[in-house]
Every structure is written in structure tokens, then in C-alpha cells.
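Trainee: Kindly return the folded structure for what I paste below:
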Amino acid sequence: MVAEPVSRGSYRKRRAVFSLGSIREYTMNKYIQLILITVIAIGLNSVQSSADGSVIIDRVIAVVNNEIITMSDLERASAKLKEKTLDQRDVLEELINKKLQLAAAKQAGMDVTEKELDSSIADIMKNNAMDAAAFEVALAKEGLTTSQYKEELKEQLTLTRVFNKYVRSGLAVSDAELRAYYKRNIDTFSLPEEIQVRHIFIKVPSSAGRSRIRAAKQQARAAYRRAKKGENFIHLVREFSDEQTAASEGDLGFLRREDALPEIAKAAQSLKPGDIAGPIKTDAGYHIIRLEDVRTPIQPFERAKKEISQIILRQKMETTYREWLQALRNETHIEIKL
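Mentor: Down below sits the predicted model:
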């Protein structure tokens, strides 16, 4: 009977391939949205019209230099926030911060042109596979017209530009900072535990009859008894295993527990290095395993440094952003009436 070839890799589970582009990765635009906590409030008039045409005087709750923030601004901003734990004073502080940043942008001559707005909207429609009609329908579901959305988008783009100019630009992370962070937080870069297993493998072809299966099982039991008595495990691998397994001395190498065949992973779970278990039945045949080693590898610095750089850069941006906002507040007349 011709033996069916079995590769060393066949003892590892097949792993699904995931796209790293969608996992656990901050983009700069996303981070800017988070750190700015951009709150959109449409219209800043202190006078509104009711449904019957009468005039309603809106309450002014804050003054930032010569600009006002009204109660209706606060209510609209609060309604738009997904973070419901913020109280009114927190939301008001963010509206003030936004006004400070927009004033800084205006003073620096930053402006978003109509052409840039149209280009951004075209990109948004393209990325979402929308034509103009579908885009308007999507805006309507959010209670917005195209004109209103363009005003919001203009504000967001302006805030991003002023953030990049006064906070993001000039910030860098040195190699020394990367290495120092890696050394201080080495435990956080631990990878999943890995086990090294060596096995005696008695192959059972899928076409094998009962007598062949019975003989293989008897061989496996004999190999297990001799291994438990202390015979040289590698010698037993060579004696009982197929040619390919014997050539590698039964070494499956280091692999994560979830990458091993489920039957082998389960049997190895309670073992300590040097312990033997078996016979273990799998679709391929019978195995007697010896746990050689267990390790928790550490992600190498070269692989970790991109993630570390993002962490340190975020920390620097948060610090710089707070300091810059405080400087703006120090030189601005702010009156809160809430």
C-alpha cells in the first residue's frame, strides 16, 4: 500500500486570512475628529421665528470675544452628540473651544474654497457609491440640505487645517523615544503563548479497513507504553512513524495552541514540558505527543515600533492640543452665562 504524503504543515489548523486594513488602526483624520470633539451647531442667531411668524428671543449663554453662543446652539449640539454622558456645561465648553479654533483659523487666513468643498463632496459620493440624488436623500435622512451640509463640512475642514497647523505640524517621535517606550512597556507586546510538540505518528489512510485501523491503534498503544517507560522518544519516532515524520524527528515546531489540530491542542493543554500523552486519534491517524516547551514570545521592536509611534504621537498631540487651547483661552474674552 502506498503511503499518502503528509506535510508537517498539515498538523496545523488552516487559519483565516484577515485584512489588516480594517483592524485596530487609527488614521490621522479619525484621530483629529476624536481629539477636536467637533460639535456642529447650525446657525448662531439669537433671534428665531416661530411657526406663527412671531419672534422668539433666544437666550445667550456665552460670549467669546464678540461672538455669542445661544441656548438653541447648545441644544442642537447636545442632540447631535453620540456621547450622552456629557452634561450641558461640557458641551458648552466644546462649543467655546470650537469658536476659539475657528477664530484662530480666520486670523491665520485659512479658508476652504467652494472648489475644495465640491471636490470633498465628490470624493464622499464616490467612496459611498452615490450619485447626487442618492446623496441628497442620505442628507435628508439626517435632516440636512446640501447647503447646510456644505457649511458643516467647511467648518470641519477648517478645524482640521487649524489643528494640523498649530498642533500636528512639527511633532515627531525619535528612535530613542520609541525604544524607551518599548522597554518600559515590554509586557504589553507579548504575543499569544506557543507550544513546541514532538509526536510519534502512525498514519491511517482514509481508505484503511478495520484491520488496518486496529493494527495502527495497537502500534500506537505499544509506542505510548514504551515512551512512558522512558525510552528515547526520538528513537521511537523513527521506529513507529512514517518516513516524513521520522525525518523531522517528529518535531512540529512552535505553534500557537489555536493553530494546532484541536485533538493535539486539547491533549497538550494539561501537560508540562517533558510530559507524554496519547494515543490521540485524528483524521490522519494516531499520535503520541511529548510537550517539549512552552513560551510566550515578545513582538520584536521592529514590528512594534509603528504602533508605538502612533501611541506616542497621540499623547503628544493631546498635550499640545490642551496647551494650545489654554493659550487661546488666556488671550480671549470669554463670558459664560449658563
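Trainee: show me where this protein has strands.
Mentor: 47-49, 55-57, 60-64, 67-70, 194-203, 251-256, 276-281, 285-295, 334-336 (DSSP state E).
Trainee: who does the fourth one pair up with?
Mentor: This means strand 67-70. Here strand 67-70 has these sheet partners by DSSP bridges: strand 60-64 (antiparallel).
Trainee: Outside of the partner strand itself, list whatever touches it.
Mentor: 46, 68-71, 73-74, 92, 95-96, 99-100, 103, 332-338 (C-beta atoms under 8 Å, 6 or more residues apart in numbering). For glycine as for every other residue, the C-beta is placed from the backbone atoms N, C-alpha and C.
Trainee: Surely L74 touches Q88?
Mentor: Yes - the pair L74 / Q88 is scored as a contact, 6.2 Å apart, by C-beta atoms under 8 Å.
Trainee: who wins for proximity to Q326 among the strands of the chain?
Mentor: Closest approach to Q326 among the strands of the chain (C-beta to C-beta): strand 334-336, 11.9 Å.
Trainee: Now do that closest one, average pLDDT.
Mentor: Here strand 334-336 scores 93 as its mean pLDDT.
Trainee: Which residues are in contact with A180?
Mentor: Per C-beta under 8 Å, 6+ apart, neighbours of A180: none.
Trainee: quick one: it and G170, what's the gap?
Mentor: Applying C-beta to C-beta, to the nearest Å, the value for A180 to G170 is 21 Å.
Trainee: Read off the pLDDT value for V197.
Mentor: 94.
Trainee: Is it bridged to anything, and to what?
Mentor: L291.
Trainee: ok, it - how many residues close by?
Mentor: Neighbourhood size, V197 [other C-beta atoms under 10 Å]: 25.
Trainee: on that earlier part again, list buried residues within the contacts of strand 60-64.
Mentor: 68-71, 73-74, 92, 95-96, 99-100, 103 (16 or more other C-beta atoms under 10 Å).
Trainee: Taking the residues you listed together, which two end up most distant?
Mentor: M71 and A103 (21.4 Å).
Trainee: low-confidence ranges in this protein?
Mentor: Applying pLDDT under 70 to the chain picks out residues 1-57, 82-85.
Trainee: top helix in it by residue count?
Mentor: Looking across the chain with DSSP state H, the single longest helix is helix 301-330.
Trainee: which other helices and strands contact that helix?
Mentor: helix 28-36, helix 88-107, helix 175-184 (3 or more C-beta pairs under 8 Å, 6 or more residues apart in numbering; DSSP states H and E).
Trainee: Flag every buried residue along it.
Mentor: Here helix 301-330 shows 304-305, 307-313, 316-317, 320-321, 324-325, 328 as buried, counting by 16+ other C-beta under 10 Å.
Trainee: and the angle from it to strand 60-64?
Mentor: Helix 301-330 and strand 60-64 are oriented at 100 degrees to each other (axes from the mean of the first three to the mean of the last three C-alpha atoms, to 10 degrees).
Trainee: between helix 301-330 and helix 88-107, how big is the angle?
Mentor: Using the same axes, to 10 degrees: helix 301-330 against helix 88-107 is 90 degrees.
Trainee: which of the buried residues of helix 301-330 lies closest to S248?
Mentor: A304 (31.6 Å).
Trainee: Need the nearest residue in space to the closest one, chain neighbours excluded.
Mentor: Excluding the flanking residues, the one nearest A304 by C-beta to C-beta, 6 or more residues apart in numbering is F189, at 5.2 Å.
Trainee: Could you chop the chain up by domain?
Mentor: In terms of domains, the chain is parsed into 23-175+306-336, 191-295 (source: automatic domain parsing).
Trainee: Mind putting these into TSV with distance to N185?
Mentor: TSV is the format used below for the domains of the chain (distance: least, C-beta to C-beta, whole Å):
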stretch	distance to N185
domain 23-175+306-336	8
domain 191-295	14
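Trainee: Quick check: which of these is buried the most?
Mentor: domain 191-295 (a mean of 17; mean count of other C-beta atoms under 10 Å).
Trainee: how much space between the residue of the chain positioned farthest from its centre and K217?
Mentor: Residue farthest from the centre of the chain, counting by C-alpha atoms, centre = their mean, is S211 at 52.9 Å. Noted for S211: a distance of 11 Å to K217, by C-beta to C-beta.
Trainee: likewise G278?
Mentor: 11 Å.
Trainee: show me what contacts the nearest residue to S241 once chain neighbours are set aside?
Mentor: In this structure, S241 finds its nearest non-sequential neighbour in F201, 4.7 Å apart by C-beta to C-beta, 6+ apart. Going by C-beta under 8 Å, 6+ apart, F201 touches 6, 237, 240-242, 245, 250, 284-287.
Trainee: do that again at 10 Å, thanks
Mentor: Contacts here follow C-beta atoms under 10 Å, 6 or more residues apart in numbering; on that basis F201 touches 6, 11, 220, 223, 237, 240-242, 244-246, 250, 252, 280, 282, 284-289.
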